[in-house]
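Colleague: Got a sequence here, can you build the structure:
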Amino acid sequence: MVSSNELVCDFVNTLHKDPSGNEESLSSPAALGRWLRAHELLGGERATPADLARGIDLREALRVLLLENNDVEVDTAAAWAVLDEAARRGRVQLRFTAGASGLLPEASGVAGALGRIVAAVHAAVADGSWRRLKACRAEDCEWAFVDNARNQSRAWCSMRSCGNREKARTYRRRHAPETDSRRAV
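Modeller: Residues are numbered from 1 along each chain as shown. Predicted coordinates for the structure are as follows:
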């Protein structure tokens, strides 16, 4: 089983944005079911079109929150409401077992599986690692990653790709020839 942070990042990264086009892993209810089963969040239940819509809403709400963690100005009120609704649908409750505690969904099916993802967010908030979960600042990427830099200053998923592209854009803007509007045409 993957860690809470990895689970959140893996779920957000089911949409791979790319300058050449986006690749959607959750293209159908069956694809959502396969992804949830592959991450041991769902048994044999089938996902419905409504489950798929709620799953994509949850994923994009998480992306917004991870962008906020990367100092991108976004409106997070609606995103937190989506997480709250997923927790309600999953009937996520505090449970104690063998001296340990955790949030677990009481609901079964996809609602319970999405509730487990929300519980992973809670675990990251509770253990202090939430602020390390970020989405790449590049608008054509927004790949989720865990910022393991000592000072938590990573802005890009990778300096080899998004970081270098942004550095090149910044360089071109700074070194672009200035146009003289007073020049006669």
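
Colleague: Which stretches in the chain count as helices?
Modeller: For the chain, the helices defined by DSSP state H occupy 4-12, 29-38, 49-69, 77-89, 109-127, 164-175.

Colleague: Tell me how far A38 lies from G90.
Modeller: In this view, A38 and G90 are 19 Å apart by Cβ to Cβ, to the nearest Å. Placement of C-beta: from N, CA and C, glycine included.

Colleague: So for these two, which sits in the more crowded spot?
Modeller: Taking neighbours as other Cβ atoms under 10 Å, A38 and G90 compare with G90 leading, 25 against 10.

Colleague: Skipping adjacent residues, who's closest to that one in space?
Modeller: G115 (2.0 Å; Cβ to Cβ, 6 or more residues apart in numbering).

Colleague: swap in R132?
Modeller: D147 (4.8 Å).

Colleague: How much space separates that neighbour from E45?
Modeller: Spatial separation of D147 from E45 under the definition Cβ to Cβ is 35 Å.

Colleague: And for R137?
Modeller: Going from R137 to E45 by Cβ to Cβ gives 37 Å.

Colleague: re earlier: so the residue nearest to G90 sits against E85, correct?
Modeller: No. Using Cβ atoms under 8 Å, G115 makes no contact with E85, being 10.6 Å away.

Colleague: Which one's more surrounded, those two?
Modeller: A count of neighbours by other Cβ under 10 Å puts G115 above the other of G115 and E85, at 27 against 16.

Colleague: and that one, what is it in contact with?
Modeller: Applying Cβ atoms under 8 Å, 6 or more residues apart in numbering to G115 gives the contacts A86, A87, R89, G90, R91, V92, P105, A107.
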